[in-house]
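Novice: 3D model of this:
(2 chains)
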Amino acid sequence: QKEVEQNSGPLSVPEGAIASLNCTYSDRGSQSFFWYRQYSGKSPELIMFIYSNGDKEDGRFTAQLNKASQYVSLLIRDSQPSDSATYLCAVKRDNAGNMLTFGGGTRLMVKP
Amino acid sequence: GAGVSQSPSNKVTEKGKDVELRCDPISGHTALYWYRQSLGQGLEFLIYFQGNSAPDKSGLPSDRFSAERTGGSVSTLTIQRTQQEDSAVYLCASSLGGGGRVETQYFGPGTRLLVL
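Specialist: Modelled structure (predicted):
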């Protein structure tokens, strides 16, 4: 079992819809969770992080964390074609210093 | 000032040659990370430097790979006797290194390595 798992996709949604991206992790000692966006040919850029159970909203983005079920999700409201990218979930584990463990990423395609 | 910088941006080399990739982290960041990303794949962790501590080399795929960080700042990743399977994008990231819950890593633009 991979430490951080994501569906590779592609996840295709129409413009204006809500895109839901999911990530599960295996280490219950994980502290913090990060969502990065990576456009094709570019390096990852941080969208948002979450470390408390529940929802955290930032503009059109909402991160949801459920530690009991060991999953974290990212919702993108009013999806735009410019949101088309690969979304990487990363986990900071309790005993791994500052290191992050990345999932394989989910490719999102928003169709006009 | 700016973000993480890496050089060269692109490198084409012949099989068997050695290559050096450079990373200049954000000023004041004590933690530095190297990752490798093959086409269409996720990030593969290679090595992690934290301040003056011994680096975590657990992700290096073979003894042909090594890295150093001089003066706690610039880092060089060296690949000896390159193989075609080494072709990938090599990404460097840095973070403050304070160890808090929100230890955000900031990525450089990457070096695209092609081994012919």
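Novice: low-scoring stretches of the chain, by residue?
Specialist: Looking at chain A here, since you left the chain open. Low-confidence segments of chain A (pLDDT under 70): A:1.
Novice: Hmm, no, I was thinking of chain B.
Specialist: Chain B contains residues with pLDDT under 70 at B:1.
Novice: Quick check: the residue of it found nearest chain A vs B:K57, distance?
Specialist: Relative to chain A, the nearest point of chain B is B:G42 (3.7 Å; C-beta to the nearest C-beta). The C-beta positions use only the backbone N, C-alpha and C, and glycine is treated the same way. To B:K57, B:G42 is 20 Å away according to C-beta to C-beta, to the nearest Å.
Novice: higher neighbour count, these two?
Specialist: Set B:G42 next to B:K57 and count neighbours by other C-beta atoms under 10 Å in any protein chain shown: B:G42 wins out with 19 against 13.
Novice: Name the helix or strand for the residue nearest to A:I50 when sequence neighbours are not counted, please.
Specialist: Spatial nearest neighbour of A:I50, excluding adjacent residues (C-beta to C-beta, 6 or more residues apart in numbering or on different chains): A:A63 at 4.2 Å. Taking DSSP states H and E as the definition, A:A63 sits inside strand A:61-66.
Novice: So which bits of chain A are right by chain B?
Specialist: Proximity of chain A to chain B (C-beta under 8 Å from any C-beta of the partner chain) is limited to residues A:31-32, A:34, A:42-46, A:49, A:51, A:88, A:90, A:92, A:97-105.
Novice: Just the buried ones from these?
Specialist: A:31-32, A:34, A:43-44, A:49, A:51, A:88, A:90, A:92, A:98-105 (16 or more other C-beta atoms under 10 Å in any protein chain shown).
Novice: From those, which land in strands?
Specialist: A:32, A:34, A:49, A:88, A:90, A:92, A:100-102 (DSSP state E).
Novice: still on that earlier bit, can you give me the offset of the following helix or strand past the strand holding A:A63 from its chain's centre?
Specialist: Sequence order places strand A:71-76 as the next helix or strand after strand A:61-66, per DSSP H and E. Offset of strand A:71-76 from its chain centre (C-alpha atoms, centre = their mean, to the nearest Å): 6 Å.
Novice: got the CA positions of strand A:71-76 in CSV?
Specialist: C-alpha atoms of strand A:71-76 as CSV (Å, rounded to 0.1, in the frame of the first residue of the first chain):
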residue,chain,number,x,y,z
TYR,A,71,-8.6,11.1,3.8
VAL,A,72,-8.2,14.6,2.6
SER,A,73,-10.0,16.2,-0.3
LEU,A,74,-9.9,19.3,-2.3
LEU,A,75,-13.0,20.9,-3.8
ILE,A,76,-12.8,23.4,-6.6
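Novice: Show me what it is in contact with.
Specialist: A:18-25, A:33, A:35, A:47-48, A:50, A:60-66, A:83, A:87, A:89, A:108 (C-beta atoms under 8 Å, 6 or more residues apart in numbering or on different chains).
Novice: where does A:S82 land in three-state SS?
Specialist: helix (DSSP: H, G, I helix; E, B strand; the rest coil).
Novice: Could you do B:R101 as well?
Specialist: Strictly by three-state DSSP, B:R101 counts as coil.
Novice: B:T76 now?
Specialist: At B:T76 the chain is in strand, as set by three-state DSSP.
Novice: All good on my end, thank you.
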